[in-house]
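Undergrad: With the sequence up front, the predicted model follows.
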Amino acid sequence: MCITLPVHHFASLSGQRRIRAAGSCFFEFFIDGVLQEDITNNNQSGVVGKGVIPSGSHVVGVHSSCSSDTSRFGFIVEISAGLLVTDGIWKCSGTYTSGWYIASFDVSAWLSAVIVSPNNGKIFQLVAGISAQSNWIWAAGSNVYEVYCRTSVSK
């Protein structure tokens, strides 16, 4: 079943776009189902992963997990100076489902991401190189220590 969901619309997605991402805990970054090892933070809070999103990409996704003793949960992403940011359009789940990161996966049962904090340094550290338009996000619910979040991108 194919369901139309909100997408981030770019003026143009031709060529490669720069990605910057950071997390309060471990995170992995996926583009169209492919793990982007250069963007993963190797479980180091505050490390900014950097990479590119190729032309023609459809879905970007983040898997993030924190231990129960972590005081704040969240991650933040920006592509090409604000063309795509982490916001309430992202869909998140606290439950792993096979294929969650591929374009054809149905996220209609997933909730919108919870905006935990803007990138202003008040709750989470200010991430240099990521604009204030981007927000720290997480999945809804208490005791959610692992999340799977994604958003669709269009040309």
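TA: Done, it's in.

Undergrad: drop to CA atoms for contacts and neighbour counts, all remaining ones
TA: Noted.

Undergrad: and the gap between the residue positioned nearest the centre of the chain and residue 120?
TA: By Cα atoms, centre = their mean, the chain has its centre lying nearest to residue 62, at 4.5 Å. For residue 62, the distance to residue 120 equals 21 Å [Cα to Cα, to the nearest Å].

Undergrad: Same question for residue 94.
TA: 26 Å.

Undergrad: So those two - more neighbours on which side?
TA: Counting neighbours by other Cα atoms under 10 Å for residue 94 and for residue 120 shows that residue 94 has the greater number, 22 against 17.

Undergrad: give me the element the spatially closest residue to that one that is not a sequence neighbour is part of.
TA: Of all residues not flanking residue 94 in the chain, residue 147 sits nearest, at 4.5 Å (Cα to Cα, 6 or more residues apart in numbering). Here residue 147, judged by DSSP states H and E, is contained in strand 146-154.

Undergrad: now the strands for this protein?
TA: Taking DSSP state E, the strands of the chain run over residues 8-9, 17-23, 26-31, 34-35, 49-53, 59-65, 75-79, 84-85, 91-93, 111-112, 114-118, 135-138, 146-154.
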